[in-house]
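S.K.: I'll drop the sequence and a predicted model, then ask my questions.
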Amino acid sequence: MARQIVVNAGISETRVAVLDGGVLIELFVERRRQRSIVGNVYKGVVTNVLPGMQAAFVDIGLAKDAFLYAGDFIANLGEYERMMLAEDEEADIELDGEDTAANGEGGERAEAPPERERRVITPIEDVLHRGQEILVQVSKESLGTKGARITSFISLPGRYLVYMPQVNHLGVSRRIHDAAERDRLRQLIRSLRPTGGGGFIVRTVGEGRGEAEFGADIEFLVRLWQQVQARFAQAPPRSALHEEGDLVFRVVRDLFAADVEEILIDGEEEYRRALEYAEALVPALAHRIHLHAERESIFEARGIEKEIEKAIRRRVWLKSGGYLVIDHTEALVSIDVNTGKYVGKRDLEETILKINLEAVGEIVRQIRLRDLGGIIIIDFIDMERGEHRGQVFRALKRALGDDKSRTNVLEISELGLVEMTRKRVRQSLHSLLMQSCPTCKGTGVVKSAPALTAEIYRKIQVATRDISGQEVLIRVNPDLAAYLQEEESEGLEVLQRRIQRKVTVQGAPGLHKDEYEIITR
């Protein structure tokens, strides 16, 4: 289906929605004061080496030191090349961080090497030491309490190619399926490869392109790498040597392909910049960029705001009446499929199969839209028949084929569980738009009024044991104040007799449901 890209250029943030057949499938958000750093190249300084973890911390000028795993350091270049290609120059490759430096909007995937090749030989303490200056690139945003993940295997994305200056191998995106076209692209890139070498991956939009387009891309990327190297030699430590373009630029470079029928932008400045980028990168498609000049909000007009609201809810309804429940935990994301209002027409197994198959499409859409990453557990409704489990699993694999982030999916179990992982590069939509409730601290529950009352009574008895005074003031949320005065009047009288002081309850609108203050005077 033809795609549309809708850009909402706000004052504090820019939002980009990707619609496929009118359905929202991806959402990208970039805030003015929180630009993404994925793809940025820095001159870092090693602050600590951890042999037990085979990792190091590197200061690149951010609030938190970045994390460098031993397998991501350039000293292991020989192992890295063998890991990617298993000594086969003709094999397709997969970058460690398939999103390249494209911030997740246009990552390319190529066939992965055998798992046995994924190993690190050189101990990190033999190649890194404190105070050492190294060239690194951010491969993953800082998430939660963790610093950014970095690598010294640099990858620079162009319009049609991804350039990897430290290796000498060629690859083609998995999304280009035609064998003859893949061979043509390899031969073409091999003939254009500069004398100094370097590796290249042909991006999906490179399908059908010729010498002129690839030649211009190679020239630009090689020049960019030379500039990065020159800056490294001259710049002070903790300096940014190369920064990725803003979200509007990355959209034009990474997402604007022949299957995109329109890019609609509601900001005049962003519209002009997008037009300039398109005329430089993909002039044949520049006429498809349009300015939204209507008074109504562009996201409201396209129904996108409602979809975003749904994307942060715990429950997602299916058209059949079934529904999904999506929960975020510290270690993983769980997705539970339920029959809901759907009762089927014939036998139970067919009803379950239909709901599970319908759920597959919505699950993958929600995973991409919410940008869920790490470990994901999907709990399908239990299926007795093995062929039904196989049918649902194959449908899930097909649906994930359009996802640009790398996924690994295990066979569906007899209990209907699917374990999968998805590469996490940036914050999920949930963590980007939401924060933990200051009252419940993210638990989803608060203490009940009887439990809080008993707790307050205990605290007062302890507080007044060795302190003289005539009155105790309890400041609580107005709802709890009403409960104490109406339901606990007898309990307050008992408390006053025990501590032999007057007890006053005061409602304080500024306090949360389970907050209270005890003042003795």
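M.R.: On my side now, so go ahead.

S.K.: got the contact list for the closest residue to residue 399 other than its chain neighbours?
M.R.: In this structure, residue 399 finds its nearest non-sequential neighbour in residue 364, 4.1 Å apart by CB to CB, 6 or more residues apart in numbering. Just so you know, the C-beta spots here come from the backbone N, C-alpha and C atoms, and that holds for glycine as well. For residue 364, the contact set (CB atoms under 8 Å, 6 or more residues apart in numbering) comprises 396, 399-400, 402-403.

S.K.: narrow these to those that are buried.
M.R.: 396, 399-400, 403 (16 or more other CB atoms under 10 Å).

S.K.: flag the least confident of those residues.
M.R.: Within the set of the buried ones among the contacts of residue 364, pLDDT is lowest for residue 403 (86).

S.K.: now do the same for it: helix, strand or coil?
M.R.: For residue 403, the assignment made with DSSP: H, G, I helix; E, B strand; the rest coil gives coil.

S.K.: switch to numbering from 825
M.R.: Done: numbering now begins at 825, and the last item shifts to residue 1227.

S.K.: what helix or strand is the closest residue in space to it that isn't next to it in sequence on?
M.R.: Nearest in space to residue 1227, with sequence neighbours left out and distances taken as CB to CB, 6+ apart, is residue 1192 at 5.8 Å. Using DSSP states H and E, residue 1192 sits in helix 1172-1194.

S.K.: one step back: look up how far residue 1083 lies from the residue nearest to residue 1227.
M.R.: From residue 1192 across to residue 1083, the span is 16 Å (CB to CB, to the nearest Å).

S.K.: those two: who's more crowded?
M.R.: Between residue 1192 and residue 1083, residue 1192 has the larger neighbour count (other CB atoms under 10 Å), namely 22 against 10.

S.K.: that one reaches residue 851, doesn't it?
M.R.: No: the pair residue 1192 / residue 851 is not scored as a contact, 9.0 Å apart, by CB atoms under 8 Å.

S.K.: would you say residue 842 is within a strand?
M.R.: Yes: Residue 842: assigned to a strand according to three-state DSSP.

S.K.: specify the beta-bridge partners of it.
M.R.: Per DSSP bridges, the residues bridged to residue 842 are residue 829, residue 850.

S.K.: and the closest residue to residue 1202 other than its chain neighbours, what are its phi and psi?
M.R.: Once flanking residues are discounted, residue 1202 sits nearest to residue 1242: 4.2 Å by CB to CB, 6+ apart. Residue 1242 adopts backbone torsions of phi -120, psi 130, taken as degrees, to the nearest 10.

S.K.: equivalent analysis for residue 1123, please.
M.R.: Dihedral angles phi and psi of residue 1123 (degrees, to the nearest 10) take the values phi -70, psi -30.

S.K.: quick check: closest non-adjacent residue to it.
M.R.: Closest residue in space to residue 1123, ignoring its immediate chain neighbours: residue 1129 at 4.7 Å, by CB to CB, 6+ apart.

S.K.: right, and that neighbour touches residue 1122 too?
M.R.: No: taking contacts as CB under 8 Å, residue 1129 lies outside contact range of residue 1122: 9.7 Å.

S.K.: those two: which is more packed in?
M.R.: Neighbour totals were compared for residue 1129 and residue 1122, and residue 1122 leads with 21 against 16 (other CB under 10 Å).

S.K.: how about that one: what's its closest non-neighbour residue?
M.R.: Residue nearest to residue 1122 in three dimensions, not counting chain neighbours: residue 1090, with 4.2 Å by CB to CB, 6+ apart.

S.K.: helix or strand right after the least confident helix or strand in the chain by mean pLDDT?
M.R.: For the chain, the helix or strand with the lowest mean confidence is helix 901-909, at a mean of 47 (criterion: mean pLDDT, DSSP states H and E). Counting by DSSP H and E, the element after helix 901-909 in chain order, helix or strand, is strand 957-964.
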